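# What follows is a protein structure lacking sequence information:
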């Protein structure tokens with residue numbers, strides 16, 4: 001087995017130290033906690049900031065294949081929750097987005113070495129500053145205008161929920177977006193919508209909270225017979 005010294009002799013350069021899983025995760029999460037100013041919850045592997053009834057959270061997910069001194073892969077997800085909608089994420093998340101590598105085939109950030117960890121940190125930090133932190137500032141300043149910004153300019157980017165936007169802005173404000181969503185459906189999906197309206201509950205979307213279900217339940221678009 002070739003050790004670090006052996007590799008240095010073979011390649012003529014110093015091999016960068018590969019972190020343990022614990023070392024890499026602790027450093028990566030701590031750096032982002034410092035950059036955001038949000039509370040680091042070690043037990044939940046997340047950064048969190050509360051504002052009245054809203055909870056802004058960045059969760060970290062670690063690969064099951066992580067192995068100390070070999071592989072340390074992570075990605076993050078931003079979630080904005082509205083506590084008036086209950087405690088379960090399936091009910092209270094009103095906006096969310098993934099932080100995964102951009103322009104690469106890999107779906108995980110490699111943080112196994114100092115160089116790779118800092119590259120990943122800088123990318124994730126910059127994206128968080130432009131998205132999660134910016135959204136927090138908008139909501140802190142004015143919830144109505146923040147919801148309007150979310151609907152008009154960042155709806156798809158944040159996978160925003162129509163029910164919350166309608167509660168804040170009114171149903172008429174979200175009707176154009178509802179029509180846009182319905183018009184983009186394939187013929188098969190439009191048939192499912194008709195079936196749902198007639199009592200069918202055989203598909204998952206017909207039972208769980210989602211924008212399409214909200215559109216149909218609240219008659220935001222005209223559905224042909």
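Noted; the coordinates are in hand. Just so we're clear, the structure is a prediction, and the values are computed from it rather than from any experiment.
# Just the strands from the protein, written as ranges.
For the chain, strands defined by DSSP state E occupy the ranges 39-41, 46-51, 54-62, 73-82, 93-99, 109-110.
# Ok, which of those strands comes nearest residue 154?
Evaluated with Cβ to Cβ, the strands of the chain place strand 93-99 nearest to residue 154, the distance being 8.2 Å. For glycine as for every other residue, the C-beta is placed from the backbone atoms N, C-alpha and C.
# residues in contact with the residue nearest the centre of the chain?
For the chain, residue 97 is the residue whose C-alpha lies nearest the centre (Cα atoms, centre = their mean; 2.6 Å). Applying Cβ atoms under 8 Å, 6 or more residues apart in numbering to residue 97 gives the contacts 77, 78, 131, 157, 158, 159.
# Show me how this structure divides into domains.
When the chain is parsed with automatic domain parsing, its domains come out as 11-141, 170-217.
# could I get those domains as JSON lines with mean pLDDT and distance to residue 163?
As requested, the domains of the chain are exported to JSON lines (pLDDT from 0 to 100; distance: least, Cβ to Cβ, whole Å):
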{"stretch": "domain 11-141", "mean pLDDT": "95", "distance to residue 163": "8"}
{"stretch": "domain 170-217", "mean pLDDT": "97", "distance to residue 163": "5"}
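# how about these, which one is nearest residue 148?
domain 170-217 (7.6 Å).
# Need the residues that contact stretch 191-198.
182, 185, 200, 202-203, 205-206, 212-213, 216, 223-225.
# Kindly state the beta-bridge partners for residue 49.
Partner residues in beta bridges with residue 49, using DSSP bridges, are residue 56.
# ok, it touching residue 40?
No - using Cβ atoms under 8 Å, residue 49 makes no contact with residue 40, being 10.9 Å away.
# Could I get the contacting residues of residue 69?
With contact taken as Cβ under 8 Å, 6+ apart, residue 69 is in contact with 18, 19, 20.
# how many other residues sit next to residue 166?
22 (other Cβ atoms under 10 Å).
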